[in-house]
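got a structure for you, letters missing:
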């Protein structure tokens with residue numbers, strides 16, 4: 001059974017940090033790009049970061065460059081999103097996704113809420 005299970009969301013003050021995790025199971029992560037989107041109600045979904053497990057290239061949205069870091073724990077088939085220097089505008093539901101490289105096959109997690117507020 002294919003699953004992506006996110007965790008690590010929560011409430012944090014501006015300037016703080018959170019680390020999101022996405023645990024993948026039921027498929028071989030080595031053939032997939034895996035990353036994060038975020039969405040605020042009433043707004044377009046935004047791609048945040050992505051890791052290509054074939055060539056190890058990474059992508060970051062301009063809005064998070066220098067603050068967020070995506071990484072993978074190969075032993076655990078888990079992908080991490082380290083989020084530092086959080087801002088109010090980072091508040092959103094964060095969704096983990098995986099896309100088979102060269103295909104439209106993709107899987108999504110259930111989402112985890114990140115709220116940045118003082």
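Arrived safely, thanks for sending. Remember, it's a predicted structure, so these values are computed and weren't measured experimentally. Residues are numbered from 1 along each chain as shown.

any idea which helix or strand comes after the helix or strand containing residue 72?
Assessed by DSSP states H and E, residue 72 sits inside strand 68-73. Moving toward the C-terminus from strand 68-73, the next helix or strand (DSSP H and E) is strand 78-83.

what's next to stretch 77-90, contact-wise?
Applying C-beta atoms under 8 Å, 6 or more residues apart in numbering, the external contacts of stretch 77-90 come out as 12-25, 29, 34-36, 38, 48-49, 51, 63-64, 67-73, 94, 96, 114, 116-117. Any C-beta I mention is one placed from the backbone N, CA and C, and that applies to glycine too.

show me which of the residues you listed are buried.
With neighbours counted using 16 or more other C-beta atoms under 10 Å, the contacts of stretch 77-90 contain these buried positions: 12, 18, 20-24, 29, 34-36, 38, 48-49, 51, 64, 68, 70, 72, 94, 96, 114, 116.

taking those residues one by one, which sit in helices?
Of the positions in those, not one sits in helices, assigned by DSSP state H.

from those residues, which land in strands?
Residues of the buried ones among the contacts of stretch 77-90 located in strands (DSSP state E): 12, 18, 20-24, 34-36, 38, 48-49, 51, 68, 70, 72, 94, 96, 114, 116.

which residue packs closest to the most centrally placed residue in the chain, ignoring adjacent ones?
Closest to where the C-alpha atoms of the chain average out (C-alpha atoms, centre = their mean) is residue 36, at 2.8 Å. Counting by C-beta to C-beta, 6 or more residues apart in numbering, residue 48 is the residue found nearest to residue 36 once chain neighbours are left out, at 4.4 Å.

would you mind confirming that that neighbour makes contact with residue 65?
No: judged on C-beta atoms under 8 Å, residue 48 makes no contact with residue 65 at a distance of 10.5 Å.

number of nearby residues for residue 101?
Neighbour count for residue 101, taken as other C-beta atoms under 10 Å: 14.

so what's it up against?
31-33, 52-54.

where are the low-confidence patches of the protein?
Applying pLDDT under 70 to the chain flags no residue at all.

make it 80
Low-confidence segments of the chain (pLDDT under 80): 74-76.

look up how far residue 15 lies from the nearest residue to residue 22 once chain neighbours are set aside.
Excluding its sequence neighbours, the residue lying closest to residue 22 (C-beta to C-beta, 6+ apart) is residue 96, at 3.5 Å. Counting by C-beta to C-beta, to the nearest Å, the gap from residue 96 to residue 15 is 24 Å.
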